[in-house]
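Asker: fold the following for me, if possible:
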Amino acid sequence: MKFYISSAFLDTGEIVEIAKAADELGYDGMAIPDHVVNLETLATPYPYTRDGQRRWQPFTDWPDPWVLVGSLAQATTRLRFVTTVYIPAMRDPYSAAKAIGTAAYLSGGRVELGVGVGWCEEEFALMGQRFAARGKRTDEMLELMRALWAPGWTEFSGEFYVTPKLEMTPTPPPIPIYVGGLSEIALRRAAANDGWIGDLIKTDRAIEVAGRLRALRTENGLSMQDFTILSPLTDAFTVEDYQRAEAAGITGVLTMPWMFYTGPAASLAEKVDGMRRFRKDLGLG
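Answerer: So this is what the prediction gives:
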């Protein structure tokens, strides 16, 4: 079982120090969320709460993932970085591929791209991208970005993007792609890629998702070897909880360990202490 520290809603000024501590303590990675802006008023309801209200308050930090990875990669040696989740269809594929590929190159291959199709129609509009057909555009963008990350010349002709012969350098190391979402189409998209990345979810539900992903991989003639299932588990607290999840095929957990000991108002020192205590309590060193 791998453990990733979530940087969601943290003060950007703390993240480098938390990443350094995570690297030294033996955590496997850091999870980085993505929004470009936070609009004051939305007609689109937030889909991950019962009342449709966002989980964060105005003026919460949302640092750019790839600028942040570039910085964190220079301050760490082994920590991996996953986005939770990046929205490709809200960008043009060439700028996105350049930023992601550069971060992967500078980090020595420590980037894992977690993607979603997006939920906020107003943010799409602000970025000049269509909200409609965003799932199909995401699929095509992933195919195109993989081509752009390959060495040599690239040509691409799709429904949404036509690319003349070009090259994009530097060529990054391999970038695994994990897809978020609980709908059947999202799980099929994840099964066709390198993994699935979850939002706040209980262990039993995550185990159900793991079973469905296994079935979909089998249906497509694909094994579960090297397939990642990475998620927060809101009701997992003990060694036994994590062992049960791992036995069911969940390969990694996103966590904020200080929440178990100090809570959301923890100071930087308390966050680092919570990270240390969590590993000790789970017998991880």
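
Asker: mind listing the helices for the stretch 51-200 of the chain?
Answerer: 65-75, 93-106, 121-126, 134-149, 184-191 (DSSP state H, counting those that start in this stretch).

Asker: need those in JSON lines with mean neighbour count and distance to residue 115, can you?
Answerer: Any C-beta I mention is one placed from the backbone N, CA and C, and that applies to glycine too. Shown next, in JSON lines, are the helices of the stretch 51-200 of the chain (neighbours: other Cβ atoms under 10 Å; distance: least, Cβ to Cβ, whole Å):
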{"stretch": "helix 65-75", "mean neighbour count": "19", "distance to residue 115": "11"}
{"stretch": "helix 93-106", "mean neighbour count": "20", "distance to residue 115": "10"}
{"stretch": "helix 121-126", "mean neighbour count": "16", "distance to residue 115": "15"}
{"stretch": "helix 134-149", "mean neighbour count": "20", "distance to residue 115": "7"}
{"stretch": "helix 184-191", "mean neighbour count": "18", "distance to residue 115": "9"}
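
Asker: ok, which of the ones you listed comes nearest residue 201?
Answerer: Nearest to residue 201 among the helices of the stretch 51-200 of the chain is helix 184-191 (13.1 Å), distances taken as Cβ to Cβ.

Asker: restrict that closest one to CA atoms and write it as CSV.
Answerer: Extracted in CSV, the C-alpha atoms of helix 184-191 (Å, rounded to 0.1, in the frame of the first residue of the first chain):
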residue,chain,number,x,y,z
GLU,A,184,-19.7,3.8,-15.8
ILE,A,185,-18.1,5.8,-18.6
ALA,A,186,-15.5,7.2,-16.2
LEU,A,187,-14.6,3.7,-15.0
ARG,A,188,-14.3,2.5,-18.5
ARG,A,189,-12.0,5.4,-19.3
ALA,A,190,-9.9,4.6,-16.3
ALA,A,191,-9.7,0.9,-17.2
